[in-house]
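*Asks:* build the 3D model from these lines:
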Amino acid sequence: MLGALLKKWWVIGGVGALIVGVLGIQTTVGILQGGRRVVREAVQDLVPLEVDLKNLYASIEELDPAIRAAQRQVAQLEVDVEYQEKNLAALREAQEKSLAEMKKLRGILAEERETYEIGGRQYTRQELDRDLGQRLERFKLGDAEQKAKEELLKQHKERLDSAKQKLNEFRHQREMLVAKAESLQSQLELLRSQQAIGSVKIDDSKMASMQQLAENVERRIKVLARTLEEEKPGEIPVDVDTRSAVEKFDELFGAGNP
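*Replies:* Predicted coordinates for the structure are as follows:
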């Protein structure tokens with residue numbers, strides 16, 4: 001038995017080697033792949049369309065978590081942008097105020113004096129010059145911070161616009177898929193309805209037999225009706241005098257007698 005089995009495998013292997021030798025490796029592999037594809041498509045055809053539609057609706061529902069995640073991302077970016085805009089607006093206001101104060105201080109220093117009275121206090125020129133230098137350094141730092149925040153805000157706005165665009169695309173694709181699925185569902189229901197109508201079969205021979213039976217019944221009823229009519233007892237004929245009184249008088253007394 002073992003020898004016969006080995007002989008069988010040797011034959012199969014020899015046939016396989018012959019096929020590969022004649023067709024080539026690539027052609028043989030292509031044929032095998034094509035065979036797998038045909039089998040896969042055949043198996044797919046065995047799956048009811050209702051199951052495929054159900055799977056399509058399930059796949060559409062799987063998009064919902066991604067859409068909700070995109071919505072949260074958009075909401076977070078919107079809040080971040082709002083706070084950044086408020087902080088940037090406050091920084092700009094502070095910088096404008098600082099610049100105005102520096103300009104005012106520079107105007108005071110435009111006059112060459114040993115001391116200056118500001119707010120009821122005396123300051124030397126050296127003190128005012130040092131204060132102006134410190135203000136200028138803080139302004140430079142604020143200006144650098146303002147530019148950095150403006151760039152960061154710009155990037156966040158770009159991310160926000162991109163996230164909104166993706167979210168809108170997600171929603172649009174989902175709506176299109178839902179519409180497509182509903183259209184396919186309607187088409188399938190119509191086809192199933194037509195299929196059900198087409199599957200109704202009427203036996204023409206039985207219909208003809210029933211019509212013949214109906215005619216026979218109708219004929220027998222007519223025969224019975226006529227038979228009963230003929231079996232009714234006949235009436236004795238009676239003459240009825242339909243003449244007028246004048247005619248009857250003339251017959252008795254003669255016409256023209258006063």
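*Asks:* tell me what the helix or strand containing K97 is packed against?
*Replies:* For K97, the host element (DSSP states H and E) is helix 63-109. If contacts are counted by 3 or more Cβ pairs under 8 Å, 6 or more residues apart in numbering; DSSP states H and E, helix 63-109 sits against strand 115-118, helix 125-199. (Glycine included, C-beta is placed from N, CA and C.)
*Asks:* what residue ranges in the protein score low on pLDDT?
*Replies:* For the chain, the stretches flagged by pLDDT under 70 are 1-47, 198-218, 220-222, 224-241, 244-246, 248-250, 252-258.
*Asks:* circling back: to I60, which of the helices and strands packed on helix 63-109 lies closest?
*Replies:* Taking Cβ to Cβ, helix 125-199 is the member of those nearest to I60, at 5.1 Å.
*Asks:* ok and the closest one relative to helix 63-109, angle-wise?
*Replies:* Inter-element angle recorded for helix 125-199 and helix 63-109: 160 degrees (by axes from the mean of the first three to the mean of the last three Cα atoms, to 10 degrees).
*Asks:* residues in contact with the nearest residue to Y123 once chain neighbours are set aside?
*Replies:* Among residues not flanking Y123 along the chain, Y116 sits closest, at 5.1 Å (Cβ to Cβ, 6 or more residues apart in numbering). Residues in contact with Y116 (Cβ atoms under 8 Å, 6 or more residues apart in numbering) are I108, L109, Q122, Y123, T124, R125, L128.
*Asks:* one more pass at 10 Å, please.
*Replies:* L105, I108, L109, Q122, Y123, T124, R125, E127, L128 (Cβ atoms under 10 Å, 6 or more residues apart in numbering).
*Asks:* how near is it to K104?
*Replies:* 12 Å (Cβ to Cβ, to the nearest Å).
*Asks:* overlap in contacts of the two?
*Replies:* With Cβ under 10 Å, 6+ apart as the test, Y116 and K104 reach no residue in common.
*Asks:* residues in contact with stretch 181-195?
*Replies:* With Cβ under 10 Å, 6+ apart, stretch 181-195 has contacts from P48, L49, E50, D52, L53, K54, L56, Y57, S59, I60.
*Asks:* again, but for stretch 59-69
*Replies:* In contact with stretch 59-69 (Cβ under 10 Å, 6+ apart) are residues K166, L167, F170, R171, Q173, R174, E175, L177, V178, K180, A181.
*Asks:* give me the contacts around stretch 90-101.
*Replies:* Contacts of stretch 90-101 (Cβ under 10 Å, 6+ apart): D131, L132, R135, L136, R138, F139, G142, D143, E145, Q146, K149, E150.
*Asks:* out of those residues, who's nearest A75?
*Replies:* When the contacts of stretch 90-101 are compared against A75 (criterion: Cβ to Cβ), the nearest one is K149, at 21.5 Å.
*Asks:* isn't I118 right up against I108?
*Replies:* Yes: using Cβ atoms under 10 Å, I118 is in contact with I108, at 7.1 Å.
*Asks:* what residues are shared contacts of these two?
*Replies:* L128.
*Asks:* next, the contact list for the residue lying closest to L153 once chain neighbours are set aside, please.
*Replies:* Closest residue to L153 apart from its sequence neighbours, by Cβ to Cβ, 6+ apart: Q84 at 4.7 Å. Contacts of Q84 were listed using Cβ under 10 Å, 6+ apart, and they are K149, E150, L152, L153, K154, H156, K157.
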